[in-house]
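> Could you look at this predicted model? Sequence included:
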Amino acid sequence: DTEVTQTPKHLVMGMTNKKSLKCEQHMGHRAMYWYKQKAKKPPELMFVYSYEKLSINESVPSRFSPECPNSSLLNLHLHALQPEDSALYLCASSRGQGADGKNIQYFGAGTRLSVL
Amino acid sequence: QKEVEQDPGPLSVPEGAIVSLNCTYSNSAFQYFMWYRQYSRKGPELLMYTYSSGNKEDGRFTAQVDKSSKYISLFIRDSQPSDSATYLCAMSGIYNFNKFYFGSGTKLNVKP
């Protein structure tokens, strides 16, 4: 099973709302990622969690707040977003170990976010 | 200079054609190479994975890595209209293996 599950699939929110995106994997992966993808562009890295600790924050605005409650779950809390934050938000996971030649990243189907 | 370069296309071919998609990269530390297929408004789906150099074949798909030239390729044989999608290459290195670098994606259209 190489499945990464994201909920919800679609989300519409106003600029004053607070919402959360959720991501789950059961592959035993110890690295989990949030990406933002705009139309006709590649995924843009936002955050990386490694062994449930935040290891990379690509200078993301504080209105995006990640959380990793355990090794299988990843959340992205959203607050006071702007219309330009409308995008496809992708979660991904990987083993987090490079020594055995299997550093593969698997993606979820994404959450399509619209900020009004 | 970007870490990974990929021609954005679009690439339009007739059904049954052999398709060649390519990426070049600049970081000699990259060891893990992936190709993803992404349909419109969907998440990227892993197609092929190669560690270090060499070729790998899976059905109609063949992935090649030439580390001496810093060049990777994906070949699709007997292309089908259902192969119409954007193809993304991605890679990571042995020192910072939690950071993946993506090409810009090539949009492929296979005409019936």
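Structure's in. What do you need?

> Which residues are in contact with residue B:46?
Going by C-beta atoms under 8 Å, 6 or more residues apart in numbering or on different chains, residue B:46 touches A:2, A:104-107, B:34-36. C-betas here are computed from N, CA, C, even on glycine.

> ok, the residue most central in space within chain A - contacts?
The geometric centre of chain A, computed from its C-alpha atoms, lies nearest to residue A:34 (C-alpha atoms, centre = their mean), at 2.5 Å. By C-beta under 8 Å, 6+ apart, the residues touching residue A:34 are A:23, A:45-47, A:64, A:66, A:74, A:76, A:89-91.

> And those residues, which two are furthest apart?
The most widely separated members of the contacts of residue A:34, counting by C-beta to C-beta, are A:23 and A:45 (14.6 Å).

> higher neighbour count, these two?
A side-by-side neighbour count of residue A:23 and residue A:45, using other C-beta atoms under 10 Å in any protein chain shown, places residue A:23 first with 25 against 21.

> doesn't residue A:5 make contact with the more buried one?
Yes. If you go by C-beta atoms under 8 Å, residue A:23 and residue A:5 touch, sitting 7.1 Å apart.

> Please pick the buried ones from the contacts of residue B:46.
Applying 16 or more other C-beta atoms under 10 Å in any protein chain shown to the contacts of residue B:46, the neighbour count classes A:104-107, B:34-36 as buried.

> what residues does chain B put near chain A?
B:31-32, B:34, B:36, B:41-46, B:49, B:51-52, B:88, B:90, B:92, B:94, B:97-100, B:102-105, B:107 (C-beta under 8 Å from any C-beta of the partner chain).

> end to end, how far does stretch B:12-19 reach?
The straight-line separation of the ends of stretch B:12-19 (C-alpha to C-alpha, to the nearest Å) is 9 Å.

> Please state the mean pLDDT value computed over it.
Mean pLDDT, stretch B:12-19: 98.

> does the one residue in chain B that gets nearest to chain A count as helix, strand or coil?
Proximity of chain B to chain A (C-beta to the nearest C-beta) peaks at residue B:97, 3.6 Å away. Counting by DSSP: H, G, I helix; E, B strand; the rest coil, the backbone at residue B:97 sits in coil.
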